[in-house]
Every structure is written in structure tokens, then in C-alpha cells.
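Visitor: need coordinates for the below:
(one chain, ligands or ions: 1)
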Amino acid sequence: MKKVMTRATADLPRMTENQFSRVKKLLRRLYANYDRGNCLLLDDGYDPCPCPQLISNTLLCRYFRSAVLPSDQELWGELLGQAGTRKRCAICGALFLPRSNRALYCEDCAGQEKRRKIRERVRRHRAGM
Ligand SMILES: [Zn+2]
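Guide: Purely as a prediction, here's the structure:
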């Protein structure tokens, strides 16, 4: 195996066990260069190089960070510390990345809340208010 951690990795975000397993799931599903556990970006055509992102809980693969991780907004926010932009859902308390400054709820709850408001409006309308 080639040495891939020559640079200092201390500054890179580290994952918790839970986040790491989500990253691995994400990698298997989306990583275009992920080929049976071997990273094609590091493959020199002679000996396959295991994807370093699969064996390390440090976010060291730049390709993964910039191209793969954003597809999981929640994980992306957690790992890359978009702390200022994250909000806690006013209903279920889950962290989410708001699409607008006014967003109060996570996507799930926002959908339910929308339907609830429509139902309410219909009810009021029927009651003649
Ligand atoms: Zn919610």
C-alpha cells in the first residue's frame, strides 16, 4: 500500500464511528472512483491502492470531500463544520441545512407542516372564517 498520509492530517476533520459508517455507505453508493475498494485516482496501473477514505476516519480524500460528500447534505454539514448555517428543526430537533434563512424545519417536517397548514386553511374556509 502506498503512503497517502504524508501531509499532516491533523487539521482535517475527523469522523465519529457513526459518521464514518455513513461515509462508507456513501462511498459505496456514489464514489465514481471506487472500484472494489480500490481508489482509481491512486491506482498507477500496477498495484491497486485501497481507497484511503475507506480505511481512515479522517476526511483526507479531496475528491470525496468536494464531489461526493455534498450529496449528503446532513453529513456534509456535520463534517465540514458548516456550523453557522446549520439549524435545529423546530419540530423534531434534527440538525438540517436550511435552504433559506427563514427555514425552521427539516425537510421532512417542512413537508408535513405545509400539508398541515393547507388542511387548516381548508378547515377555516369551510367554517366560514
Ligand atoms: Zn424535523
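Visitor: so what's residue 120 up against?
Guide: Not one residue lies near residue 120 by C-beta atoms under 8 Å, 6 or more residues apart in numbering. Yep, even glycine has a C-beta here, placed from its N, CA and C like the rest.
Visitor: which element is it on?
Guide: With the criterion set as DSSP states H and E, the secondary-structure element containing residue 120 is helix 107-127.
Visitor: what about that helix, distance to the chain center?
Guide: For helix 107-127, the distance between its averaged C-alpha position and the chain's averaged C-alpha position is 29 Å (C-alpha atoms, centre = their mean, to the nearest Å).
Visitor: what ranges do the helices span in the protein?
Guide: Counting by DSSP state H, the chain has helices at residues 17-30, 52-55, 62-63, 73-79, 107-127.
Visitor: how is this structure carved up into domains?
Guide: 7-81, 84-129 (automatic domain parsing).
Visitor: least confident of those domains, on average?
Guide: Note on those: domain 7-81 shows the lowest mean pLDDT, a mean of 73.
Visitor: what about the closest residue to residue 88 other than its chain neighbours, neighbour count?
Guide: Distances taken as C-beta to C-beta, 6 or more residues apart in numbering place residue 95 nearest to residue 88, at 5.9 Å, with adjacent residues excluded. For residue 95, the count of nearby residues is 13 (other C-beta atoms under 10 Å).
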